[in-house]
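Student: model this:
(one chain, ligands or ions: 1)
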Amino acid sequence: MNTLRSESQQRERIPTEIHDSSESASRELAAYIAGRIRQRAAEGRSFVLGLATGSTPVRLYRELVRLHREEGLSFSNVITFNLDEYHGLGRTHPESYWRFMHEQLFNHIDVPADQVNIPDGLVARGDVFAWCRAYEERIAAAGGIDLQVLGIGRTGHIGFNEPGSGRDSRTRIVTLDALTRRDAARDFLGESNVPRYAITMGVGTILDARELVMLAWGEAKAEVTALAVEGPVSDSLPASFLQLHAKVRVLVDRAAASGLTRLRTPWLVGPVEWTPALARRSVTWLSQVTGRPLLKLLDSHYGEHGMAELLTEQGPAYHLNIRIFNETQHTITGWPGGKPNADDTHRPERALPHPKRVLVLAPEPSDEMLGMGGTIARLASQGHQVSVVYMSSGNLAVPDTEAAAAAELLMSFSEKDGPAQYARTRAVWQKLMAQDGEEGAAPAAANEQELRRLKGLIRRGEARSALRTLGLPTEAATFLGLPFYEKGRYRQFRPGLEDFEMLRALLVRHQPHQVFVTGADQDPSSLGALCFDLFRKVLADLKGEAWLEQCRVWLYRTPDKRWAPHEIDMAVPLSPDQLAQKVQAIYQHRSQRSQSPSRGELHSEEWLQAEQAARELAKAYDALGLAEYEAIEAFSRWKG
Ligand code: GLP
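Tutor: Below you'll find the predicted structure:
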């Protein structure tokens, strides 16, 4: 365990280990768990392992399965207890944690079925209390949990202990937080299908385990992880209770670690090497915390905020302010593909060649509009050859109600002259009708090929319509339809060689001068991160190709993860009209709109989020003392 803490970790109240990737962290933890299991087996004793669900532990489970298969690790002496289960879901429901655990782990190892314990989602409401007490008793009878694995939800929950859960809470039924339900909406093919209740071990139950390991991957977990590790202990962030445990550690990848003081503002916790990037980050931060534009920062502000050393090395404030102001100013361009016949020394993109072949990669339709609709319109209107490549069909994100409406339309359209198609569509429609209203039923027959094909076609139509809204020809769209998506479910996708080859062939065919791509730093099991990873591998494979040497890769982000000003290498301003056009384009993705606006879920609508993100970035630039724009879309240059 990491007990030796360095100066830079002084604010961390839980020992936190930063790993290069979620894979290396998962491998390390799996090896540790294997060691503990073997040690107990040698003593003729059992090992009691507490387990979690969600995408976070998926790699850990894969590694445990590998250790079982390839290195003879036996789980015959292991007793498991899972943290939680949705209330109302039976074992066979595609999203039940029972099913998840069996598919991810238990079916592939030799743990005896009677040593596996998972809360029962179908206990009648009136019996829940007694059932939960019995679960606690079972844990006690097994000798208590030796090691509990935990993930963290964006509300700061552990298990399903949402904010408000007390230090001493025990296994019980809880109401899920709105944010938690929204995060699960993808898995359930619509927020309205997400259960409202769950059974979870309590905070007290978790703290009773002899050892705790919490895992967090991806940028979306950075803020909440930093609060849990560095913030006060409070029931408004249940993961902070882990600080009270004597044997606990947190394993994070770089993206999830990025909110920790030692990475976010390292100059506050010790001496740093003042690289140009760190100087820009810290001065931008100083402007934000003091609420003063860059050019109005004084030496005293630097001194009062732990930046005296920077001042000594690179100051005075006057020089530093101007330098960082200029650097930031140079990120702004109305010419995202480069400005022909202009001096490009200080521009984010080269003037030549012009026009450029531009490839925009979207993990699924609408990602590109949310992240860079305005920029796509500009690139096209400035004469570049823009191709938008939809990597997956996105059909899993189409609600059944949309599919039913489309099926009805197709049926009436093909009734007279397309009997075979009519019959196929009717079969899909009948299935949709049959499952409607079944309590706790799987929302869609997610593996039904014909249904998924129909949903994929819906998204294609929307994507084309969105491109037309921006003035692009329909031919600008390429539907790559990577096979891994068609074979999988959210959180459980596994791209393979076939996907790699398809993307590789596409890049070789296009030989782009510019690629816009998203997904870097996302939760590694998310669709965006998997698509990015595939792209990264293809580029590594193509390394050395002449055209690739001339190609620039720009990262864009969807509104759920926004750029901080210091991370931006290219900022493309949008006029009010351009912003309205972008919103209009996003609006074409009608299957992605909220299905139940009456429940007050309107705030999560994608076009509103995208509009707000672009406006807020413009405000942030304005606050730094740069020009005041209506909205900005931003990119960071990927250096590989
Ligand atoms: C769910 C689970 C938690 C899990 C969290 C994070 O709500 N009940 O145990 O830690 O989600 O999920 P993910 O790992 O997919 O980010």
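
Student: Helix, strand, or coil at whatever residue of the stretch 351-500 of the chain ends up closest to the ligand?
Tutor: Closest contact between the stretch 351-500 of the chain and the ligand, by CB to the nearest ligand atom, is at Arg491 (6.1 Å). Backbone N, C-alpha and C define where each C-beta goes, glycine included. Here Arg491 is coil, with the state taken from DSSP: H, G, I helix; E, B strand; the rest coil.

Student: hang on, it packs against Gly54?
Tutor: Yes. Between Arg491 and Gly54 there is a contact at 7.5 Å, judged by CB atoms under 8 Å.

Student: all helices of the stretch 201-350 of the chain, in order?
Tutor: With DSSP state H, counting those that start in this stretch as the criterion, the stretch 201-350 of the chain has helices at 203-207, 222-230, 254-257, 261-264, 276-290, 299-304, 308-314, 317-329.

Student: Present the ones you listed as JSON lines; the columns should include mean pLDDT and distance to Ala463.
Tutor: Shown next, in JSON lines, are the helices of the stretch 201-350 of the chain (pLDDT from 0 to 100; distance: least, CB to CB, whole Å):
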{"stretch": "helix 203-207", "mean pLDDT": "98", "distance to Ala463": "44"}
{"stretch": "helix 222-230", "mean pLDDT": "97", "distance to Ala463": "30"}
{"stretch": "helix 254-257", "mean pLDDT": "96", "distance to Ala463": "28"}
{"stretch": "helix 261-264", "mean pLDDT": "95", "distance to Ala463": "36"}
{"stretch": "helix 276-290", "mean pLDDT": "97", "distance to Ala463": "36"}
{"stretch": "helix 299-304", "mean pLDDT": "96", "distance to Ala463": "48"}
{"stretch": "helix 308-314", "mean pLDDT": "95", "distance to Ala463": "47"}
{"stretch": "helix 317-329", "mean pLDDT": "98", "distance to Ala463": "34"}
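
Student: Throw these into TSV and include mean neighbour count and distance to Ala407, thanks.
Tutor: Listed next are the helices of the stretch 201-350 of the chain as TSV, based on neighbours: other CB atoms under 10 Å; distance: least, CB to CB, whole Å:
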stretch	mean neighbour count	distance to Ala407
helix 203-207	23	46
helix 222-230	22	41
helix 254-257	24	40
helix 261-264	18	49
helix 276-290	19	51
helix 299-304	16	63
helix 308-314	15	63
helix 317-329	18	51
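
Student: Rebuild those as TSV, extending it with distance to the ligand.
Tutor: As requested, the helices of the stretch 201-350 of the chain are arranged in TSV below (distance: least, CB to the nearest ligand atom, whole Å):
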stretch	distance to the ligand
helix 203-207	10
helix 222-230	10
helix 254-257	10
helix 261-264	20
helix 276-290	27
helix 299-304	38
helix 308-314	37
helix 317-329	33
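
Student: nearest to Glu368, of those?
Tutor: Proximity to Glu368 (CB to CB) singles out helix 254-257 among the helices of the stretch 201-350 of the chain, at 21.6 Å.

Student: how about that closest one as CSV, C-alpha atoms only?
Tutor: Taking C-alpha atoms only, helix 254-257 is exported to CSV below (Å, rounded to 0.1, in the frame of the first residue of the first chain):
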residue,chain,number,x,y,z
ARG,A,254,-4.4,10.1,-15.5
ALA,A,255,-7.7,11.5,-16.7
ALA,A,256,-9.5,10.8,-13.4
ALA,A,257,-6.6,12.1,-11.5
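
Student: Quick check: which helices or strands does that helix pack against?
Tutor: strand 16-19, helix 222-230 (3 or more CB pairs under 8 Å, 6 or more residues apart in numbering; DSSP states H and E).

Student: And the ones you listed: which comes nearest Arg350?
Tutor: helix 222-230 (32.6 Å).

Student: residues in this protein within reach of the ligand, list them.
Tutor: 52-56, 83-84, 151-153, 159-160, 180 (CB under 6 Å from any ligand atom).

Student: Name the residues of the helix or strand containing Ala614 that come out as buried.
Tutor: Per DSSP states H and E: Ala614 is located in helix 606-623. The neighbour-count check on helix 606-623 (16 or more other CB atoms under 10 Å) flags 606-607, 609-611, 613-615, 617-618, 620-621, 623 as buried.

Student: That helix vs helix 276-290, what angle?
Tutor: Angle, helix 606-623 to helix 276-290, by axes from the mean of the first three to the mean of the last three CA atoms, to 10 degrees: 90 degrees.

Student: ok, then the element right after helix 606-623?
Tutor: Past helix 606-623, the next helix or strand by DSSP H and E is strand 631-638.

Student: coming back round to it: okay, the helices of the stretch 201-350 of the chain in TSV with distance to Asp127 next?
Tutor: Formatted as TSV, the helices of the stretch 201-350 of the chain follow (distance: least, CB to CB, whole Å):
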stretch	distance to Asp127
helix 203-207	19
helix 222-230	33
helix 254-257	38
helix 261-264	47
helix 276-290	53
helix 299-304	60
helix 308-314	63
helix 317-329	61
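
Student: Figure out which of these is closest to Cys531.
Tutor: Closest among the helices of the stretch 201-350 of the chain, using CB to CB: helix 254-257, at 15.8 Å.

Student: quick one: that closest one to chain centroid distance?
Tutor: Computed by CA atoms, centre = their mean, to the nearest Å, the separation of helix 254-257 from the middle of its chain amounts to 12 Å.

Student: From here on, call the first residue 508.
Tutor: From this message on, residue numbering opens at 508, which makes the last subject helix 761-764.

Student: my guess is Trp842 contacts Ser888, does it?
Tutor: No. Applying CB under 8 Å as the test, Trp842 and Ser888 come out as separate, 10.9 Å apart.

Student: okay, the two: which has more neighbours?
Tutor: In terms of neighbours (other CB atoms under 10 Å), Trp842 is the more surrounded of Trp842 and Ser888; the figures are 19 against 13.

Student: which one is the more buried one nearest to, not counting chain neighbours?
Tutor: Gln889 (6.5 Å; CB to CB, 6 or more residues apart in numbering).

Student: Show the contacting residues for the one you found.
Tutor: 842-844, 862 (CB atoms under 8 Å, 6 or more residues apart in numbering).

Student: Try it again at 10 Å.
Tutor: 841-847, 861-863 (CB atoms under 10 Å, 6 or more residues apart in numbering).

Student: Break this protein down into its structural domains.
Tutor: As recorded under automatic domain parsing, the domains making up the chain are 523-767, 777-836, 864-910+914-1079.

Student: would CSV of those with distance to Ser513 be doable?
Tutor: Compiled in CSV, the domains of the chain are given as follows (distance: least, CB to CB, whole Å):
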stretch, distance to Ser513
domain 523-767, 11
domain 777-836, 8
domain 864-910+914-1079, 24
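
Student: which stretch among the ones you listed comes nearest His853?
Tutor: So among those, domain 777-836 is nearest, using CB to CB, at 8.1 Å.

Student: Would you work out how far apart the start and end of that closest one are?
Tutor: 30 Å (CA to CA, to the nearest Å).

Student: just for the stretch 508-657 of the chain, where's the confidence low?
Tutor: 508-512 (pLDDT under 70).

Student: Looking from the ligand, tell me which residue of it is nearest.
Tutor: Gly561 (2.6 Å).

Student: okay, now that residue: neighbour count?
Tutor: 21.

Student: just to revisit the earlier point, and for the residue of the stretch 858-1007 of the chain closest to the ligand, the neighbour number?
Tutor: Arg998: 19 neighbours (other CB under 10 Å).

Student: where along the stretch 908-1057 of the chain do the strands fall?
Tutor: 984-986, 1021-1024 (DSSP state E, counting those that start in this stretch).

Student: which one of the ones you listed is the most hemmed in?
Tutor: strand 1021-1024 (a mean of 24; mean count of other CB atoms under 10 Å).

Student: Can you list the strands that that one pairs with?
Tutor: strand 864-869 (parallel), strand 1059-1062 (parallel) (DSSP bridges).

Student: Using TSV, lay out those together with mean pLDDT, mean neighbour count and distance to Asp715.
Tutor: Output for the strands paired with strand 1021-1024, formatted as TSV (pLDDT from 0 to 100; neighbours: other CB atoms under 10 Å; distance: least, CB to CB, whole Å):
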stretch	mean pLDDT	mean neighbour count	distance to Asp715
strand 864-869	98	25	46
strand 1059-1062	98	22	43
